[in-house]
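Colleague: structure, please.
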Amino acid sequence: MNPEIVGGIAGSAVSYLLLKLDAFATRELNLQANINRALHNLGIELRSIKALLRNAASRNDPDHQFTGWIQEVRVQAYAIEDVLDLFMLHQETAWRRFKSRHPIDNLIKDIEGRLERIHNTRERYTTASVTVTRTNSGYNTDLHVRVAPLFSGNLDTVVGIEEPTDKLVVWALEEKQRLEVMFVVGMAGLGKTTLVHTVYEKVKEHFDGQAWITASKSKTTLDILTLLVEKFDRLITQRDDVVSLTRKLQEALLLKQRYVIVLDDLWVKEVWESLRLAFPDDGKNSRIIITTRRGDIANSCRFGDSIDIHKIQPLSPKWVAHLFHQKAFSTNGTCPPDLEEVSESILQKCDGLPLGIIEIGIFLSFKSPTKYQWKKLHDSLESELRSNGGLSDIVKVLSSSYKDLPYHLIYSEGFVIEEIGRTLEEVREEYLRELIDRNLIKANELDFDGLPKSVGVHSLVLKMILSITHEENFCTVCTEGAPRNLTPNTRRLSIQKQDFEVSQPLPHVRSFFSFGIAKIKIDSNFKLLNVLDIQGTPLEEFPSVITDLLLLRYLSLRNTNIKRIPRSLSDLHFLETLDLKQTLVTKVPKAVLQLEKLCHLLVYRYNMESALPFDIVQGFKAPKRINELKNLQTLSFVKASVQRKMSWHLRMIQGLDNLTQLRKLGVVELAKEDGVSLCHSIGKMPNLRSLSVASLRMDVPLELDAMTNNPLALLQRLYLKGPLQKFPTWISSLSDMMRIRLKWSSLAENPIPTLQNLPHLVELQLLHAYIGTQLKFQSRKFPQLKILDLQQLEQLSSIVMEEGSLPCLQKLIIGQCSNLVDVPRGIDNLIHLQMLVLYDMPQNADQLRPLVHHISCIHSHKQGQLEVFEED
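Modeller: You can find the predicted model right below:
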C-alpha cells in the first residue's frame, strides 16, 4: 500500500477523532477528574501525531517503519473512538433504565494504555525519521506514465481527440488583440497532457516565443519562474527572487511579438496567482494553456472573458475499442472474434479513460491472446491495480488526486464541522462540490439548477478505492459471488448480495448499507451503529432491534412496506434523520417529540394507483406539539386536515412558526380557512429554501396571499397545487427563486407578467394553472429560464414569443392543450432551444419540423406512442 495514501487515511482518522474528542468534552461537563485528565492528555498527544502525519504524508518515503507506525496510529485512533462511543452508550443505557452511570474505570485504563502505546511508537518513529533522507515533497512518481506518449514517437496514433484539438487550435490562433488563458481540466488519466501537446505542436510555429513547463506539485513559483526566464534567454543570478524573476520575465515577453506558454499539471492556486503577474497583456494575441485536474482552481481563477475552461471528456465509445485493440494487438490492431466479448467487458471497466485503456492494452499485449488469459485479467483487475500488481502505474496516476485531498474530505463521515451561518447540510454540499471540482467524483445527472442529482466515481477509481478501504479496514463491501470477508474489526458494511444474515458479532460497525436486498437480518450486536440504511428491503414491520441501536444518527427505511413506527423510537436520542419515504406509514407517534436532535423527518409516498393525479402525494398525521422539534430542517409531507377537537389541525399549523430552522416544508390537505395561519407560520421561517403546499381537494382554494414584508427571501423552489382565486403577490419578490410549479391553479389572471422578472428562475411549470386563451412572453424577460412546461391549459389558443424573449430556454414542453392548433409564434427566435416535447397535441411532429428546424430533437407522444425526430 502506498504510504502516502495510508498516511492520509490515518491522518484523517486522527483529525476526526480530535473533533469527536472536543465535542465529547464539551458535551460531558460533569466528567470525573481522572476522565478529564485522560482526555486532555489524549488531545495533546493526538495533535502532535497529527502534525507528524502531515509532514510524513508529504514525503515519498517507502520506509516500512513509517507505514507500520501510521497503521498503528489508525488502529489506536479507531480503538479510542470506540472507547468514547462506549462511554456514550453506557450513559444512554443508564438513562433508559433509570440506573446510575456504569463504572467506567476499565474504559479510563483503556484510554491511558492506548495513549502510552501511541506515545512510545511516536518516539520511535520520530527518532528514526531524523535519519531518513527526505526526498522532494512533491516528487512525481507518476510522471513517466503521464508524459510517455509525448516521447514515444507515435503521437500520430493518438485517437479520439480531433474535435477538442481543432477547437483549441482555433482558440489559440484567433485574432483577439489580447492575452488569453485556457484551463484544460479533467480527471487524472483523461489525456489532458496529450491533448494540449498535440495543440501546442500545431500552433507553436505561429508564435514568436514558446515554452512548455511541467508545473507539478513539486515546483514552487520560484522554480517555474526560473525555468521560464531560462527558456526566454535571460540571465539568472543567485540573488534572484520571485519579484526580480517576475520583472525579468515581463521584460523578455514584451520583446516578443506573440508568445504561447503551456503550464502542464498545475496543482496549487497560489502558484498561478503569482505567475500571472509576470505575463503582460500587450495586445499581441499571446496564449497561455494550463492543464490541471483541479477544477476548483480553474473555477476560482476564472474572471473576465479572457480566461476560459475546457473540460476534457472521456473517450467516445467509437474510439475506445480502436485504441484498445491498437495497444493490445500491436501487429494489426484487430481483435480476434473469440476475444470480442471479454474485450468489451474489460473496456466497460475502463469507462472511456485513455490511461486505463492504454495500460491494460499494453499489459495484455504481453500475454497470450487466449480467453483464459484475458478472463483471468478481467476477474483479477483489482489485484493487478495494487502497488505490486502489473497495472500499478494506473493507481500511481489516479491516487495522486487522493493524496492531495485535505483531511476533512477524506474522512467526513459523521462529523462535519458546522460553520457560523451555515448548516451541516450546507457544509456537506460544499464538500461534495469540492470533490466534483477536483474531478474525484463525477455528477452522473444534473438537476435543473445545475446541482448533481446523483454522483459516482470512475470504475477504475472504484476498484482502487475498494482495494484501499478493504486493506485499511475503512469499509467492507459484500457482493454477489464474492467470498464472505467480514472480520470482527469491520467498521462500515455495504451489502450488495441476496439473503445476507449477520451471524457473527460485529461490535465496531458504524455504518450499515443495504439496497433492495431480498432478505437481511441484523441484531443488536451493532451497538455502536450510527448509520442504518436498508432501503428497498422487503420489510413488513419495523425491526424491533433498531430501537436498541442507541447511538443511531441516520435511519432510512425508504421503499419498504412498514406501516407503523413503535413508541420505543424515542430511545434514539441521537437520531438526526428519519427517512420513511415510500412506506405505508401514515402516522408518527408522539414519541418522536423526544428526538430533540431530529433535523430531517420525511414521511410520505407517491400513490401511483390513485384515481386522481391530484392525490398522488400521501402525507402523514403529525403528533401534537410537533413544533417542539425546533431543530427540524426538513418536514415533508405533513397533513393539515386532521380533524380534532378545539381545531387541533389549526393549532398545529400555527405552531409551525416555532420551526424557524426549516429549510424544506411540505404540507398537504390544506383547508381554505387555514391558509392565513400557514402564511403566518412560514413567514417566520427565514431559512426556508423549498415550500410545497397542496389544498384539501382539487376544488378547495389555496389562500396564500397573507404574507407581507418579503419573509421568504431565500426561497428557491415553490410547488403549489390547488385553485388560486388570486395569484400571491409576494411571489414576484422572490429574487432567489429557481423553480416554480403551479398545478390545478385555474387562474383567470395571467401569471406570466408576475413571474417574468424573477432574475434566477430556471424552471416554470403551469399544469391546469391558467384558464386564459393567450400566453405572451415579452422581450428580455425570463432571463435565466431553461425549462418551460405548459400542460393541460385547455383554453389556451395562442402562444407568442417576442424576439429576444426566453434567451436561455433549452427545453419546451407542451401537452394536452387541445385548442393550441398553431405552433407558438416566434419559436424560431429561441436560438438555444434544444428539445421540444409534445404530449397529445393536435400537431404532428413531422409537420412541425420545417418550422423548428433549429431544434435538435422533437419528442411527440400521442396516446402513449412516442415518435422522436432528431436533426440529421
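Colleague: surely residue 83 meets residue 110?
Modeller: Yes. Using CB atoms under 8 Å, residue 83 is in contact with residue 110, at 5.4 Å. In short, each C-beta sits where N, CA and C put it, glycine included.
Colleague: find residues that contact each of those two.
Modeller: Common neighbours of residue 83 and residue 110, counting by CB atoms under 8 Å, 6 or more residues apart in numbering, are absent.
Colleague: first to last residue in stretch 760-768, what's the distance?
Modeller: The first residue of stretch 760-768 is 24 Å away from its last residue (CA to CA, to the nearest Å).
Colleague: average pLDDT across it?
Modeller: For stretch 760-768, the mean pLDDT works out to 95.
Colleague: equivalent analysis for stretch 531-539, please.
Modeller: 88.
Colleague: how about stretch 550-559?
Modeller: Mean per-residue pLDDT for stretch 550-559: 92.
Colleague: strands along the stretch 551-700 of the chain, start to end?
Modeller: Assigned by DSSP state E, counting those that start in this stretch, the stretch 551-700 of the chain shows strands spanning 554-556, 577-579, 600-602, 605-606, 617-618, 634-639, 664-670, 690-695.
Colleague: mean neighbour count and distance to residue 262 added to those, as JSON lines?
Modeller: Converted to JSON lines, the strands of the stretch 551-700 of the chain look like this (neighbours: other CB atoms under 10 Å; distance: least, CB to CB, whole Å):
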{"stretch": "strand 554-556", "mean neighbour count": "20", "distance to residue 262": "47"}
{"stretch": "strand 577-579", "mean neighbour count": "21", "distance to residue 262": "48"}
{"stretch": "strand 600-602", "mean neighbour count": "21", "distance to residue 262": "48"}
{"stretch": "strand 605-606", "mean neighbour count": "16", "distance to residue 262": "53"}
{"stretch": "strand 617-618", "mean neighbour count": "19", "distance to residue 262": "55"}
{"stretch": "strand 634-639", "mean neighbour count": "22", "distance to residue 262": "48"}
{"stretch": "strand 664-670", "mean neighbour count": "23", "distance to residue 262": "47"}
{"stretch": "strand 690-695", "mean neighbour count": "22", "distance to residue 262": "45"}
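Colleague: out of those strands, flag the one nearest residue 308.
Modeller: strand 690-695 (33.7 Å; CB to CB).
Colleague: now for that closest one, which elements pack on it?
Modeller: strand 634-639, strand 664-670, strand 717-721 (3 or more CB pairs under 8 Å, 6 or more residues apart in numbering; DSSP states H and E).
Colleague: other SSEs contacting the second one?
Modeller: By that I understand strand 664-670. strand 617-618, strand 634-639, helix 675-682, strand 690-695.
Colleague: what's it in contact with?
Modeller: 604, 617-619, 633-641, 653, 656, 659, 678, 682, 685, 688-696, 700, 702, 722.
Colleague: with stretch 344-363 instead?
Modeller: With CB under 8 Å, 6+ apart as the test, stretch 344-363 has contacts from 145, 160, 187-191, 194, 313-317, 320-321, 323-328, 374, 377-378, 381, 384, 390-391, 393-394, 397-398, 458-460, 463.
Colleague: quick one: buried ones out of the residues you listed?
Modeller: With neighbours counted by 16 or more other CB atoms under 10 Å, the contacts of stretch 344-363 contain buried members at 145, 160, 187-191, 194, 314-315, 320-321, 323-328, 374, 377-378, 381, 384, 390-391, 393-394, 397-398, 458-460, 463.
Colleague: run through the stretch 301-450 of the chain and note the low-pLDDT ranges.
Modeller: Where the stretch 301-450 of the chain drops to pLDDT under 70, the residues are 387, 407-421.
Colleague: could you rerun that using 90?
Modeller: Applying pLDDT under 90 to the stretch 301-450 of the chain flags residues 301-307, 315-318, 326, 330-334, 349, 351, 367-369, 378-450.
Colleague: residue 800 - that's part of a helix, no?
Modeller: No. The assignment for residue 800, made by DSSP: H, G, I helix; E, B strand; the rest coil, is strand rather than a helix.
Colleague: any idea how far residue 218 is from it?
Modeller: Going from residue 800 to residue 218 by CB to CB, to the nearest Å gives 62 Å.
Colleague: tell me the pLDDT of the closest residue to residue 175 other than its chain neighbours.
Modeller: With CB to CB, 6 or more residues apart in numbering as the criterion, residue 175 has its nearest non-adjacent residue at 5.9 Å, and that residue is residue 285. Looking at residue 285, its pLDDT is 88.
Colleague: is residue 285 within a helix or a strand, and which one?
Modeller: For residue 285, there is no helix or strand it lies in under DSSP states H and E.
Colleague: so the most centrally placed residue in the chain is in which element?
Modeller: Residue closest to the average C-alpha location in the chain (CA atoms, centre = their mean): residue 432, at 4.0 Å. Assigned by DSSP H and E, residue 432 belongs to helix 424-437.
Colleague: how about the CA coordinates for that helix, as CSV?
Modeller: C-alpha atoms of helix 424-437 as CSV (Å, rounded to 0.1, in the frame of the first residue of the first chain):
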residue,chain,number,x,y,z
LEU,A,424,-24.2,20.9,8.4
GLU,A,425,-26.0,20.0,5.2
GLU,A,426,-24.7,23.2,3.5
VAL,A,427,-21.2,22.3,4.6
ARG,A,428,-21.6,18.8,3.3
GLU,A,429,-22.9,20.2,0.0
GLU,A,430,-19.7,22.3,-0.2
TYR,A,431,-17.6,19.2,0.4
LEU,A,432,-19.4,17.4,-2.4
ARG,A,433,-18.9,20.3,-4.8
GLU,A,434,-15.2,20.4,-4.0
LEU,A,435,-14.9,16.7,-4.7
ILE,A,436,-16.6,17.2,-8.0
ASP,A,437,-14.5,20.2,-8.9
